[in-house]
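Asks: 3D, please:
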Amino acid sequence: MAKKDLAKIRNIGIMAHIDAGKTTTTERILYYCGYLHRMGEVHDGNTFMDWMEQERERGITIQSAVTTCFWNDCQINIIDTPGHVDFTAEVERSLRVLDGAVGIFCAVGGVEPQSETVWHQADRYLVPRIAYINKMDRSGADFDNVVEMIQDRLTANALPVQLPIGREEDFAGIIDLIGMKAYRFDQTTLGLEYEQIEIPENQHEQVELWRETLLETVSEHDDEIMEKYLEGMEITEAELREAVGKVTRSLKLVPVLCGSSLKNTGVQLLLDAIADFLPSPLQVPPAEGHLVDSEETVSVSPDPDGKFLALAYKVRIDKFVGKLVFIRVYSGKLKKGDYITNFSDRKKSRVGRILQVFSNRTNDIEEVVAGDMAAVVGLKNTYTGDTLGSEGNRINLSRMLFPDTVISIAIEPKTKADEEKLKDGLSKLEEEDPTFHVTQDKETGQNLICGMSERHLEIIIDRLQREYMGKANVGKPQVAYKESITRGVKQRGEFIREMSGKGQYAVVELRLTSLLREELPEGKKNIFINQINEQTIPRQYWDAIREGAINSCMDGPLINAPVERVKIELTGGAFHEIDSNETAFKIAASMAVSEGLRQAAPVLMEPIMLLSIITPEQSTGDIIGDVNSRRGKIETIRKHLDKQEVIAEIPMREMFGYASSLRSISQGRAIYTMEFHSYRNVPESIQDEILKHLRGY
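Replies: Numbering: from 1, shown residues only. Take a look at the predicted model:
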């Protein structure tokens, strides 16, 4: 593909709260683009994008699905992301490689908890967005109210560029404020055909008001529009459309559209907006990375003629194709048969196949170029977040960060014959999902699978049994605790002995102090600082000391859980000209840290969840009382349409079985969502109880 064609590529994501209509909207997009000849429905379990058995059975999106379609000469690469907070990593890694996004909101529910979560994820990656208010035909639909909620809770920059004609059962079409035209969609052709109609007389005043607001807002950020607006000159549709695109791409405006995807109304206009307003790879800031073995920051422009550089943003194990590595190419081009280097381990791999992905279907292609996305076969040791590049390229793209796992379950095979299947299945699922980890209980030897929630692990277990091994014995969910320290200590570590006739000599002096979460650099669990010079201990041993110290934080003194939020300072030590070596210093540092952790008043840390409950007002008091009784801390109580939303921070340990309790309190009328917030020290009285339980007495 020539460089000039990059202007025709749109890499976008579809994101929203569960049941806002992401998959239904994507299904219509593919139908109107001519890729699908028959639309599936979520409630029928036959949509193109939800291809996993677990997705079709539950009617939810679990894995982000990728597809490509074409509209108005634009190639649109779409990632349909999950709406459940349990699968937030799928949204995170999608946003990392996208250039733009469509946030979908239910016209009845408005801004719901997961809508806020994914919106703020997109804020972190500075992703330009379009807001699409769906389900305008539903009873209770209120366009103005949802616009107000978006402006209040998400961004003050949200502004309608469309208005609905009627609402609820009277929803009859859409008014375009840019072209000052109205459209009605023909339901006999499933919305494929639509016609321009007159703007209803009873909406003229409303249309003029919003049109004026749109012109004022755009003119504040566009000098040409400002000049014409102030002088009362005519602003053409093409000029305004181009100006709206510019301010959208610069994050100064979020255009708000509307429609009803299920009723086949407004999706073509949404496609027009994607092509007109969201950026091409040439219209986004260059990707940032740093030089390999250096902290020097560099920018990467989407040049097809440059050196190849790509980010692996997703891994999927396909039973027919094998390991698929999904990549976003930031520079150069990749051809089938090329050798590329993984900068995480410096190993080379040969690209066996390059695939254009359509949900769970693929087409072989010969090459992929800068700005585009594809899947690659043949990269064995590549994982989510790895940077891939050509020989001589020394740029490492910034890695993705994922939340810690908060819950674990013991799992074992039903029979001895299933052991290898279990091991193989867990390994492949761990490769796919960066928020799923497999560990082993040091005391019992059991396999522990760790994830983000009970639902997350339920899906993992279901996949494991169906795809890899049949039945398995599964334990009860357990909270994934961590450890930290509460006071500073100085500790000396000595490893002085003779082994196999050879002397071993290493002495280190360390200082351990506790850190607040805010004091840690992003992505770091602990900090190691060297305070000595080469006269105290030669430079050649420093890395070994650091490695030994950091590795010792993997097993805490209380329950062998990982230790975090500790600053380790190397303050002194001694060496021997002949008997000192790296191994001796690694052991000495490990011994010092292990003993220091025991002396530093260790404490358990528990996962704290951010809980959002939407409830009828009459149940609010009882729900607050119940949250308080579970050691929860109420953060906010705010109005949510005709209900109340209670937002609280609450320990994960207190949330097992909460669904049935909430149903009882609210007579089944309240709903809740929960996502990981942070780890926090366990109160001393609760810690004693937890330790007794974990130690079995």
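Asks: so what does the helix or strand that Glu569 is a member of touch, helix or strand wise?
Replies: Under DSSP states H and E, the secondary-structure element containing Glu569 is strand 566-574. Using 3 or more Cβ pairs under 8 Å, 6 or more residues apart in numbering; DSSP states H and E as the contact criterion, the secondary-structure elements in contact with strand 566-574 are strand 502-514, strand 527-530, helix 542-551, helix 582-599. In short, each C-beta sits where N, CA and C put it, glycine included.
Asks: repeat that for 6 Å
Replies: strand 502-514, strand 527-530 (3 or more Cβ pairs under 6 Å, 6 or more residues apart in numbering; DSSP states H and E).
Asks: any idea which residue sits dead centre in this structure?
Replies: Central residue check for the chain by Cα atoms, centre = their mean: the C-alpha nearest the mean position is that of Glu92, 1.6 Å away.
Asks: ok, now how distant is that one from Glu498?
Replies: Applying Cβ to Cβ, to the nearest Å, the value for Glu92 to Glu498 is 52 Å.
Asks: again with Lys252
Replies: Using Cβ to Cβ, which is the criterion applied here, Lys252 is 71 Å from Glu498.
Asks: shaky segments in the protein?
Replies: With pLDDT under 70 as the threshold, the chain has low-confidence stretches at 1-4, 37-64, 83-86, 360, 443-444, 470, 696-697.
Asks: For the residue nearest to the centre of the chain, give its distance to Glu458.
Replies: Shown here: Glu92 relative to Glu458, a distance of 21 Å by Cβ to Cβ.
Asks: Same check on Ser219?
Replies: Separation of Ser219 from Glu458 (Cβ to Cβ) stands at 52 Å.
Asks: Looking at the two, which is more packed in?
Replies: For Ser219 versus Glu458, the count of surrounding residues by other Cβ atoms under 10 Å is larger for Ser219: 20 against 17.
Asks: I'd assumed Leu230 was in contact with that one.
Replies: No - at 7.6 Å, Ser219 does not count as touching Leu230 under the criterion of Cβ atoms under 6 Å.
Asks: Using the three-state scheme, assign the residue lying closest to Ile235 once chain neighbours are set aside.
Replies: On the basis of Cβ to Cβ, 6 or more residues apart in numbering, the spatially nearest residue to Ile235 that is not a chain neighbour turns out to be Lys228, at 5.2 Å. When the structure is split into helix, strand and coil by DSSP: H, G, I helix; E, B strand; the rest coil, Lys228 lands in helix.
Asks: Also the one 4 residues further on?
Replies: Judged by three-state DSSP, the three-state class of Gly232 is coil.
Asks: Lys252 and Glu498: which has the busier surroundings?
Replies: The neighbour count for Lys252 versus Glu498, taken as other Cβ under 10 Å, is higher for Lys252 (15 against 10).
Asks: I'd like to know how far that one sits from Gln151.
Replies: When Cβ to Cβ is applied, the distance between Lys252 and Gln151 equals 14 Å.
Asks: which phi and psi does Lys476 have?
Replies: phi -90, psi 150 (degrees, to the nearest 10).
Asks: sec struct for the nearest residue to it once chain neighbours are set aside, please.
Replies: Residue nearest to Lys476 in three dimensions, not counting chain neighbours: Ile409, with 7.2 Å by Cβ to Cβ, 6+ apart. Using three-state DSSP, the three-state assignment for Ile409 comes out as strand.
Asks: How about Ile409: which residues does it bridge to?
Replies: Beta-bridge pairing of Ile409, defined through DSSP bridges, involves Ile449.
Asks: how about the helices in the stretch 51-200 of the chain?
Replies: For the stretch 51-200 of the chain, the helices defined by DSSP state H, counting those that start in this stretch cover 53-58, 88-97, 113-124, 143-153.
Asks: buried set for the last one?
Replies: Buried positions in helix 143-153, judged by neighbour count with 16 or more other Cβ atoms under 10 Å: Phe143, Asn145, Val146, Val147, Met149, Ile150, Gln151, Arg153.
Asks: Which two among these are spaced furthest apart?
Replies: Phe143 and Arg153 (16.1 Å; Cβ to Cβ).
Asks: returning to what we had before: can I get the helices and strands packed on strand 566-574 in a markdown table with mean neighbour count and distance to Leu240?
Replies: Formatted as a markdown table, the helices and strands packed on strand 566-574 follow (neighbours: other Cβ atoms under 10 Å; distance: least, Cβ to Cβ, whole Å):
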| stretch | mean neighbour count | distance to Leu240 |
| --- | --- | --- |
| strand 502-514 | 21 | 57 |
| strand 527-530 | 16 | 52 |
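Asks: And these: which comes nearest Asp99?
Replies: Each of these was scored for nearness to Asp99 using Cβ to Cβ, and the closest is strand 527-530 (34.8 Å).
Asks: between the buried residues of helix 143-153, which is closest to Ile174?
Replies: Out of those, the member with the shortest distance to Ile174 (by Cβ to Cβ) is Phe143, at 10.6 Å.
Asks: Would you reformat the helices of the stretch 51-200 of the chain as TSV and include distance to Ile14?
Replies: As requested, the helices of the stretch 51-200 of the chain are exported to TSV (distance: least, Cβ to Cβ, whole Å):
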stretch	distance to Ile14
helix 53-58	15
helix 88-97	9
helix 113-124	10
helix 143-153	17
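Asks: Buried residues in stretch 117-124, which are they?
Replies: The neighbour-count check on stretch 117-124 (16+ other Cβ under 10 Å) flags Thr117, Val118, Trp119, Gln121, Ala122 as buried.
Asks: I should have written stretch 446-462 there, sorry.
Replies: Of the residues in stretch 446-462, those with enough neighbours to count as buried (16+ other Cβ under 10 Å) are 447-461.
Asks: before we move on, what about stretch 223-242?
Replies: Residues Ile225, Met226, Lys228, Tyr229, Ile235, Glu239, Leu240, Arg241 are the ones in stretch 223-242 that count as buried (16+ other Cβ under 10 Å).
Asks: Just put these in JSON lines and tack on distance to Arg598.
Replies: Formatted as JSON lines, the entries for the buried residues of stretch 223-242 read as follows, by distance: Cβ to Cβ, whole Å:
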{"residue": "Ile225", "distance to Arg598": "67"}
{"residue": "Met226", "distance to Arg598": "67"}
{"residue": "Lys228", "distance to Arg598": "73"}
{"residue": "Tyr229", "distance to Arg598": "71"}
{"residue": "Ile235", "distance to Arg598": "72"}
{"residue": "Glu239", "distance to Arg598": "71"}
{"residue": "Leu240", "distance to Arg598": "68"}
{"residue": "Arg241", "distance to Arg598": "67"}
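Asks: Tell me which two in these are the farthest apart.
Replies: By the measure Cβ to Cβ, these have their two most distant members at Met226 and Arg241, which lie 16.6 Å apart.
Asks: Am I right that Leu324 sits in a strand?
Replies: Yes - using three-state DSSP, the secondary structure at Leu324 is a strand.
Asks: residues contacting it?
Replies: Residues counted as contacts of Leu324 (Cβ atoms under 6 Å, 6 or more residues apart in numbering) are Arg316, Asp318, Ala375.
Asks: show me what contacts the closest residue to Glu169 other than its chain neighbours?
Replies: Spatial nearest neighbour of Glu169, chain neighbours left out: Asp137 (6.9 Å); criterion: Cβ to Cβ, 6+ apart. Taking Cβ under 6 Å, 6+ apart as the criterion, Asp137 is in contact with Phe171, Ser260, Lys263.
Asks: To which secondary structure element is the last one assigned?
Replies: Translated: Lys263. Lys263 is part of no helix or strand when elements are defined by DSSP H and E.
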